[in-house]
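Chemist: mind folding the following:
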Amino acid sequence: MDRTALIVVDVQKGFDDAEFFGTRNNPACEANVSALIAGWRGAREPVVFVRHHWDQQGSPLRSDEAGSEFKDVLDGDPDLLVTKTVHSAFHGDPDLGAWLRSEEVGTLVVCGIQTNVCCETTARIGSDLGFEVGFAIDATHTFDQDDHAGGVITADELARVTHSNLDPEFGPVLSTEEAIGELSST
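Modeler: All right, here's what the predicted structure looks like:
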């Protein structure tokens, strides 16, 4: 199990709806996701696209809305397309864990949207299932969040906490450059 898969989580047009999601961080996210995809394809390693169908009334990620479509930075066909209705890509269809094992993948690098929600959840569960997990934090973004006490937790602060939550317990938090560099060195 020496292959490394790139797991691209929920890079969908609906997340551009600032009225619904609010203020985001990391404007370089999409460019970094694109660089990761190019690096993985250049190394002939598997690329998995994950999409979230959130059929809550008014959600821009509804399966019947244009917002459920992938952003243009996700060019070409993935090696696997997973559709989910919950936070983890490991709880979607088809079964991501089974596919990764059948493809002899032992290591994952996670990127996408939202840093502290679906990306972090996918990384945690991947680690718990026995995969080595890297998290390309500069290829993720999230949104400011209500702190339920009358204040706001900024997207940058949420990303900082995700970094602390994941590294080292669930796996290293990497830059896009570091992730591509590690891929090239194996």
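Chemist: name the element Asn32 belongs to?
Modeler: helix 29-42 (DSSP states H and E).
Chemist: what's that helix in contact with?
Modeler: 4-6, 8, 11, 46-47, 71, 73-76, 109, 111-113, 136, 138-141, 176, 179-180, 183-184 (C-beta atoms under 8 Å, 6 or more residues apart in numbering). All C-beta spots, glycine's among them, are computed from the backbone N, C-alpha and C.
Chemist: give the PyMOL command for selecting the buried subset of those.
Modeler: Here is the PyMOL command that picks out the buried ones among the contacts of helix 29-42, judged by 16 or more other C-beta atoms under 10 Å:
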select buried, resi 4+5+6+8+11+46+47+71+73+74+109+111+112+113+136+138+139+140+141+176+179+180+183
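Chemist: quick one: which of the contacts of helix 29-42 sit in strands?
Modeler: Judged by DSSP state E, the contacts of helix 29-42 include 4-6, 8, 47, 109, 111-113, 136, 138-141 as members of strands.
Chemist: show me which of the residues you listed is closest to Val82.
Modeler: Nearest to Val82, judged by C-beta to C-beta, of the ones in strands among the contacts of helix 29-42 is Val8 at 9.9 Å.
Chemist: report the secondary structure state of the residue lying farthest from the centre of the chain.
Modeler: Centroid-distance maximum for the chain: Gly150 at 29.2 Å, with C-alpha atoms, centre = their mean. For Gly150, the assignment made with DSSP: H, G, I helix; E, B strand; the rest coil gives coil.
Chemist: gap between it and Val9?
Modeler: 31 Å (C-beta to C-beta, to the nearest Å).
Chemist: cool, Asp64 as well?
Modeler: Between Asp64 and Val9 the distance is 21 Å, computed by C-beta to C-beta.
Chemist: show me which of those two is the more surrounded one.
Modeler: Between Asp64 and Val9, Val9 has the larger neighbour count (other C-beta atoms under 10 Å), namely 30 against 8.
Chemist: who is the more buried one paired with across the strands?
Modeler: Val50, Gly112 (DSSP bridges).
Chemist: other SSEs contacting the lowest-mean-pLDDT helix or strand in the chain?
Modeler: The helix or strand of the chain with the poorest confidence is helix 176-185; it has a mean of 92 (mean pLDDT, DSSP states H and E). Counting by 3 or more C-beta pairs under 8 Å, 6 or more residues apart in numbering; DSSP states H and E, the packing neighbours recorded for helix 176-185 are helix 29-42, strand 105-113, strand 132-141.
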